[in-house]
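Engineer: Below is the structure, and that's it, no one-letter string:
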């Protein structure tokens, strides 16, 4: 797969499709730092996060929207002007009527515009340079009977990417720099450098005006939605057949911007992307696999916002690495990273990055916990999670099984032992083993510690305090893994820091066996024919009989805690009540708290987040549990993924959304691109090949 013709190609929109899709479907490009460019297929910004350059800047800034929008007007000689994109203001929306097709070619968006009769055809493409806050937009006349002119009008409101849109744009001044300009804002922000190049020199003229913009998605989600952008220039570019005009925006230095042209930037990025596909598992080199390998690449980043991680890991011969949980608004989350590690990095052949990610999070272990998340622009994590650390054991095991590298685990063994010791003795947020039965309990006032973590103000929607089913399945798996690793520790070759005193393999295994016996006694619910979601919880009932997908982990993990005789019953209930073409419902229909749709304002959405809403990442545990329960039915497990083709064109083209409505037509919701959704589908494609 060495040339562009062999690259993955996906149709994002064609003229034969509904016009509404132009603002409903989105595209996304990322830069390997957490920065990105995104928008709708029709070029109309509908989210506060839409922009041509969202730069990943060091703490305390975080991701910053540096270039919001560029209006593009094509002047084809004596014919009427052609708008290539649009905006939505208080009085209505403008859409590009000349757009014939939008595609993803090798994961990058390409638009094809045609005038009436097809006498004039223009292609527009965008590329972001890897590990730089730089975006280039290229315009090429593919067919024309005469030269044309392109007028670009950039508009900005420089702010944090999640910042309010209804505030006045920050002031800035403009300085010329050779054939480009610089936007200079407050002192702590970098300069935004803009460069326009064509066959003839670009003509810049002042155009200072304010534009009112309505962000329809923000309005539907209950946020501030009416704002303004400031125009500051109009740029005229002459277009000639076969020549490409390029508009560049960057926070990098001028030297690098002028040394690489659009063609070189695309070739370099194509070579990088083709390497990613060629090194992936063979099962991912055809069909939908290459598209998803490129989708996975969007989430793997070097966290340049945390310089201390870079310095410390470089000193030990590694590079800092982490995973963006979802675009556009999530940062790096411990749970999402550990669940995603196998699908994003191991089946895709990115083993060095997997090791870096493990070391990055290991450096942040505190009181036996890895961070739940790193807030935007912060250097230290928040630790309110009961399961992320247990997923860390699972991720390390998957890394070792795929790579054969045992040194990473041996290096981390003291931390792993300390984690288990802390859990056995009790640590933050009420996380600790109940000495009465060996089960792991968790819970603290005002905290949501499991992956079902919606919270509005002081309202924890699904608190699940007590002994949660997947937490105990994960803890059992972690104990069994640690016992095996301690067994393998060669005599006389101790790690640099010895394990906790008395934490021997037989001790850890005894804790695991006690947990397993208690689990099978306490969690089985005869009334439903499946597992309780929480036992010894809060409230009158104490044991929560809600039918949820969390119980799958009692089967799906490498060391399943549930008695195999009960696997078929659990799978039957999950298939009948939770499984859909797009993932698993988070709660079975018929429950009083079941919500069929995820929409409305923040409170309404969070009330539905884990109360029926479909989660794509749960396809992974479902496939694992299927293959364990019905090992001869690999085709059945593969059919679980049948909705994948539709997903890749439904919302953000070429990737998979975070969540879906619980009932047909299963509208995509939440983040437009979610790491564990993509990762678990990639992993499942390999498992069912």
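Structural biologist: Perfect, thanks for sending it. Small disclaimer: the values here were computed from a predicted structure and weren't measured.

Engineer: Assign residue 154 to helix, strand or coil.
Structural biologist: strand (DSSP: H, G, I helix; E, B strand; the rest coil).

Engineer: So what's the residue count around it?
Structural biologist: The number of residues packed near residue 154 is 25, by other Cβ atoms under 10 Å. C-beta here means a position set from N, CA and C on the backbone, and glycine is covered the same way.

Engineer: Quick check: beta-bridge partners of it?
Structural biologist: Each beta-bridge partner of residue 154 is listed here: residue 70, as defined by DSSP bridges.

Engineer: Need the per-residue pLDDT for it.
Structural biologist: At residue 154 the predicted local distance difference test score is 97.

Engineer: my guess is it meets residue 230, correct?
Structural biologist: No - Residue 154 is beyond contact range of residue 230, at 9.6 Å (criterion: Cβ atoms under 8 Å).

Engineer: What separation is there between residue 659 and residue 642?
Structural biologist: Taking Cβ to Cβ, to the nearest Å as the measure, residue 659 falls 19 Å from residue 642.

Engineer: out of these two, which sits in the more crowded spot?
Structural biologist: The neighbour comparison of residue 659 against residue 642 (other Cβ under 10 Å) goes to residue 659, with 27 against 9.

Engineer: got the contact list for that one?
Structural biologist: Taking Cβ atoms under 8 Å, 6 or more residues apart in numbering as the definition of contact, the neighbours of residue 659 are 583, 598, 609, 613, 614, 615, 616, 668, 669, 670, 674.

Engineer: Quick check, pLDDT for the third one.
Structural biologist: What the model reports for residue 609 is a pLDDT of 97.

Engineer: where does this structure have low pLDDT?
Structural biologist: For the chain, applying pLDDT under 70 flags the ranges 1-6, 78, 305, 307, 489-502, 540.

Engineer: Strand partners (parallel or antiparallel) of the longest strand along the chain?
Structural biologist: The strand spanning the most residues in the chain, taking DSSP state E as the definition, is strand 226-239. Looking at strand 226-239 with DSSP bridges, its partner strands are strand 148-156 (antiparallel), strand 203-214 (antiparallel).

Engineer: Following it in sequence, what is the next regular element?
Structural biologist: strand 244-250 (DSSP states H and E).

Engineer: one step back: could you dump the strands paired with strand 226-239 into a markdown table with distance to residue 414 added?
Structural biologist: Listed next are those as a markdown table, based on distance: least, Cβ to Cβ, whole Å:
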| stretch | distance to residue 414 |
| --- | --- |
| strand 148-156 | 50 |
| strand 203-214 | 54 |
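
Engineer: Out of the ones you listed, flag the one nearest residue 419.
Structural biologist: For the strands paired with strand 226-239, distance to residue 419 was read as Cβ to Cβ. The smallest value, 46.1 Å, belongs to strand 148-156.

Engineer: hmm, who's touching that closest one?
Structural biologist: Contact with strand 148-156 is made by 66-77, 120, 122, 139, 141, 169, 172, 183, 192, 194, 196, 198, 207, 211, 229-239, 245, 247, 249, as judged by Cβ under 8 Å, 6+ apart.

Engineer: Quick one, which of those residues are buried?
Structural biologist: Buried members of the contacts of strand 148-156, scored by 16 or more other Cβ atoms under 10 Å, are 66-74, 76, 120, 122, 139, 141, 169, 172, 183, 192, 194, 196, 198, 211, 229-239, 245, 247, 249.
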